[in-house]
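Q: I would like the atomic coordinates for the input below:
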Amino acid sequence: MLTNNELMEQFYFPDEAPAIPEFLSNDTFQQLEQLMYQQEFSTSDSQSDGANSCSLEMYYDTPSVLELEHMLNAQEQQQHHLQANPLGKNQGRSPRYWNKQQRSKPYDKLSTSMSSSTSSASSSSSSSAGFGGEVLKKRRLAANARERRRMNSLNDAFDKLRDVVPSLGHDRRLSKYETLQMAQAYIGDLVTLLSRDY
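A: Coordinates of the predicted model:
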């Protein structure tokens, strides 16, 4: 399992360009790229509106949008790389990638703080793994015993209710639902019987 820091490193600094999904064609990527360009132009046009520009800028700087842009850049690089040099590895990054890198700095600060907290938590959990395992096992056994006692007392209560509630036939044992239905009908009949004037 990747930590947040490793995930961010893998996302922003992959070893090689990610493979293109088979179900996406070049036309789909071109349409996505055109859509992103249209969104960038619409955000630059709307930046004259004060409050709207700030909210739109924060929306388009989300990690999912940056990931989509990174995927498009990687796809473009793969295409250019395969056309130019089908056997070598792609080492360069497009200028758009570096622009997006600078825009994503607030997320880098968040990821470093989250990764430091997860690393400290993992180190403390690894030191107490042996002790914690025994405690968890005891807690699980105690919870299982409590649940068994609760179910046994509930079944005993239903057995006592089956003995009191009259049933139509004694050939089979009533289910819990049927027992509750019969008890409800029996109590209703007792109430009407008590409310009669003699």
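
Q: now the closest residue to Lys176 other than its chain neighbours: which helix or strand?
A: Among residues not flanking Lys176 along the chain, Phe158 sits closest, at 5.6 Å (Cβ to Cβ, 6 or more residues apart in numbering). (Glycine included, C-beta is placed from N, CA and C.) In this assignment (DSSP states H and E), Phe158 forms part of helix 129-164.

Q: could you tell me how many residues sit around Asp159?
A: Neighbour count of Asp159, defined by other Cβ atoms under 10 Å: 11.

Q: one more: Leu190?
A: 10.

Q: and the helix or strand encompassing it with helix 129-164, angle?
A: If you go by DSSP H and E, Leu190 is part of helix 176-195. Counting by axes from the mean of the first three to the mean of the last three Cα atoms, to 10 degrees, helix 176-195 lies at 40 degrees to helix 129-164.

Q: helices or strands next to helix 176-195 in the packing?
A: When contacts are defined as 3 or more Cβ pairs under 8 Å, 6 or more residues apart in numbering; DSSP states H and E, helix 176-195 sits against helix 129-164.

Q: care to break this protein down by domain?
A: Domain ranges of the chain: 4-127, 133-195, per automatic domain parsing.

Q: buried sites along the helix holding Leu190?
A: Buried residues in helix 176-195, counted by 16 or more other Cβ atoms under 10 Å: Thr179, Met182, Ala183.

Q: with that, I have no additional questions.
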